[in-house]
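**Q** Sequence plus the predicted model coming up.
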Amino acid sequence: MMDLHHLKLFCLVAEELNLTRAAAKLHMTQPPLSRNIKALESELGSQLFVRGPQGLSLTPTGSYLYDQARQILAHVEMARSMIGRLERGKKPLVGVGFVPSVFYDWLPILVKELRQKDNIELALAEMTTIQQIQALKEGRIDIGFGRLRIDDPDIVQQIIVEEPLIAALPSGHPLENSRPSLENLAKYPMVLFPASPRPSLSDMIQGIFRRRNISINIVQETNELQTTLGLVASGLGITLVPEQVKNVQRTGVTYIELLDGDVTSPIICSTRKDGTKNENIREINLAIENFTR
């Protein structure tokens, strides 16, 4: 029967796209990991991975399950964290939602600093910007960090910074030692993320090319950054990512700056309209201002 353990194993294999590396991280041998994945595929009645000469890649079913599994595991971890802190009852709890692409630079440092304060506890949950808006309105989180502008009368959004986009290429790509323009990039197949829910960063990137009347060839859309980088490493295509993603050292992937310096993606802080009165939210906003000056 599929349980949290199976989902954790599956997610790690989906992130690594390599059974040997995944098994090493799990401190287990490859055969039992392979059996677990095959058992999961058998239970679901669907193939989750395609096994090819370049390694593993997710099938459409695998991509869907990966997206759902990450959300399930994140919600379980958030619930466990919140219950533990509520039991201790020492500090007010602040729920924080974030998209993965904002968590590779200053945000982890900010979170670490806030966790050291005596008057606040944080519960983190990875979720898309659309999911953050819904979670804010339902009171499941108090503040969110994403990249999409959402028009909602109950939500206040503030652009923290406009972050440059950079290209992620397979190592050895013809553009590897250049500073390409968007026109140069458009000559090659592209992998974009996330595929759902929409609107998304994928839509934002497509809009950048569309406004410049540049056609692009999208060969695949995925739901996760790590999956996208894995497909880039396999040579399927290239992609655009926020600059801080270059801190993700992925074998087979090279990051390069663009000639177009005005190609950016915003980092946006979202709160409930009434959240500006919350003392803890004001403290977080002040800490953000100090980090982004």
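**A** Arrived safely. Residues are numbered from 1 along each chain as shown.
**Q** Now do the helices in this protein.
**A** Applying DSSP state H to the chain gives helices spanning 4-16, 19-25, 30-44, 60-88, 106-115, 129-138, 182-185, 201-211, 225-233, 279-292.
**Q** hey, which of the ones you listed is tucked in deepest?
**A** Comparing these by mean neighbour count (mean count of other Cβ atoms under 10 Å), helix 225-233 ranks first with a mean of 24. C-beta here means a position set from N, CA and C on the backbone, and glycine is covered the same way.
**Q** quick check: angle from it to helix 60-88?
**A** 150 degrees (axes from the mean of the first three to the mean of the last three Cα atoms, to 10 degrees).
**Q** Helix 225-233 - contacts with which helices or strands?
**A** Secondary-structure packing of helix 225-233 (3 or more Cβ pairs under 8 Å, 6 or more residues apart in numbering; DSSP states H and E): helix 4-16, strand 55-58, strand 155-170, strand 190-192, strand 239-242, strand 253-256.
**Q** Helix 4-16 and that helix, what's the angle between them?
**A** For helix 225-233 against helix 4-16, the angle by the same axes, to 10 degrees is 40 degrees.
**Q** okay, helix 225-233 in CSV with CA atoms only?
**A** Taking C-alpha atoms only, helix 225-233 is exported to CSV below (Å, rounded to 0.1, in the frame of the first residue of the first chain):
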residue,chain,number,x,y,z
LEU,A,225,12.7,22.9,-10.8
GLN,A,226,14.8,19.8,-10.0
THR,A,227,13.1,17.8,-12.8
THR,A,228,13.7,20.6,-15.2
LEU,A,229,17.4,20.8,-14.4
GLY,A,230,17.6,17.0,-14.7
LEU,A,231,16.1,17.2,-18.2
VAL,A,232,18.5,20.0,-19.1
ALA,A,233,21.4,17.9,-17.9
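**Q** what about it, distance to the chain center?
**A** 12 Å (Cα atoms, centre = their mean, to the nearest Å).
**Q** Repeat that for stretch 20-35.
**A** Chain-centre distance of stretch 20-35: 24 Å, with Cα atoms, centre = their mean.
**Q** Need the helices of the chain in JSON lines (columns: mean pLDDT).
**A** Putting the helices of the chain into JSON lines (pLDDT from 0 to 100) gives the following:
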{"stretch": "helix 4-16", "mean pLDDT": "89"}
{"stretch": "helix 19-25", "mean pLDDT": "88"}
{"stretch": "helix 30-44", "mean pLDDT": "89"}
{"stretch": "helix 60-88", "mean pLDDT": "77"}
{"stretch": "helix 106-115", "mean pLDDT": "80"}
{"stretch": "helix 129-138", "mean pLDDT": "90"}
{"stretch": "helix 182-185", "mean pLDDT": "96"}
{"stretch": "helix 201-211", "mean pLDDT": "92"}
{"stretch": "helix 225-233", "mean pLDDT": "89"}
{"stretch": "helix 279-292", "mean pLDDT": "71"}
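**Q** Out of these, which is closest to residue 245?
**A** Residue 245 sits nearest to helix 225-233 of all those, at 6.9 Å, using Cβ to Cβ.
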